[in-house]
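In: Give me coordinates for this.
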Amino acid sequence: MCKCIHHQTNNNNLKNYTLLSLSLYLLLSSCSNGKEQVANEAIKKDSPATAITATPNAIKRVGMITGLKPDKIAYYKNLHANAWPAVLKKLEECNIHNYSIYLQQIDNKYYLFSYFDYTGINYDADMKNMAADTSTQRWWKETNPTQIPLPEAAAKQQIWTTMESIFHTN
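Out: So this is what the prediction gives:
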């Protein structure tokens, strides 16, 4: 779906129109469903207005994997069945949406697969912001001892290993 703004302008109201266009663009481009397009007019001093198209920030899809200690499965499930509101709020503040965790047994070992959509503009800064949060740090003190990092993550003193994305549909 395309939302278009049609407006003829002269040099006297160029500044006001440009501010209005920018405001409308920012408002409309904040849609996160990935299917919206915002069409706006480029105002050029000596030429007719030309339509330009801008799209919302692309969603970064993140999949990760780690092991889970068999004797900690019930505890891990209970923690997530009663996730702390402060931790959920921090996820949202850090532009993490559609966060899911799955459990799978393979060859008598248990693995967690997590997936989330990241909709921000600075992934590293948002991850640092989340890591600095005291509620999140307390949460990780509960969850980290239940998990078994894969060798790649353990070598970096991390819990989760980021997986390569090879396919998705919208």
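
In: and Gln105, helix, strand or coil?
Out: Counting by DSSP: H, G, I helix; E, B strand; the rest coil, the backbone at Gln105 sits in strand.

In: give me the beta-bridge partners of it?
Out: Using DSSP bridges, the beta-bridge partners of Gln105 come out as Tyr110.

In: Quick check: pLDDT value at it.
Out: pLDDT for Gln105: 98.

In: what's the neighbour count on it?
Out: Residue crowding around Gln105 was assessed by other CB atoms under 10 Å; the count is 11. Any C-beta I mention is one placed from the backbone N, CA and C, and that applies to glycine too.

In: for Trp139, same thing?
Out: If you count neighbours by other CB under 10 Å, Trp139 ends up with 18.

In: Quick check: it touching Leu88?
Out: No - counting by CB atoms under 8 Å, Trp139 stays clear of Leu88, with 9.9 Å between them.

In: where does the chain have its least confident helix or strand?
Out: Scoring the helices and strands of the chain by mean pLDDT, DSSP states H and E places strand 37-44 at the bottom, with a mean of 32.

In: can you pull out the strands in this structure?
Out: For the chain, strands defined by DSSP state E occupy the ranges 2-3, 37-44, 47-54, 60-68, 96-106, 109-118, 147-148, 161-162.

In: Please work out the angle formed by the directions of the longest one and strand 109-118.
Out: Compare the direction of strand 96-106 with that of strand 109-118 by axes from the mean of the first three to the mean of the last three CA atoms, to 10 degrees and you get 160 degrees.

In: contact partners of strand 96-106?
Out: Applying CB atoms under 8 Å, 6 or more residues apart in numbering, the contact partners of strand 96-106 are 32, 68, 73, 77, 80, 91, 110-119, 126, 130.

In: Give me the buried positions along it.
Out: Judged by neighbour count using 16 or more other CB atoms under 10 Å, the buried positions of strand 96-106 are Ile96.

In: Then stretch 143-160?
Out: Residues Thr143, Thr146, Gln147, Ile148, Pro149, Leu150, Ala153, Ile159, Trp160 are the ones in stretch 143-160 that count as buried (16+ other CB under 10 Å).

In: Compute the first-to-last residue distance for that stretch.
Out: 12 Å (CA to CA, to the nearest Å).

In: same check, this time on stretch 78-87
Out: End-to-end span of stretch 78-87 (CA to CA): 15 Å.

In: That stretch: which residues count as buried?
Out: Leu79, Val87.

In: returning to what we had before: weakest of the strands of the chain in terms of mean pLDDT?
Out: strand 37-44 - the lowest mean pLDDT of the strands of the chain, at a mean of 32.

In: could you list every residue that touches Tyr76?
Out: Taking CB under 8 Å, 6+ apart as the criterion, Tyr76 is in contact with Leu68, Leu112, Thr143, Thr146, Gln147.

In: Nice, that's everything, thank you.
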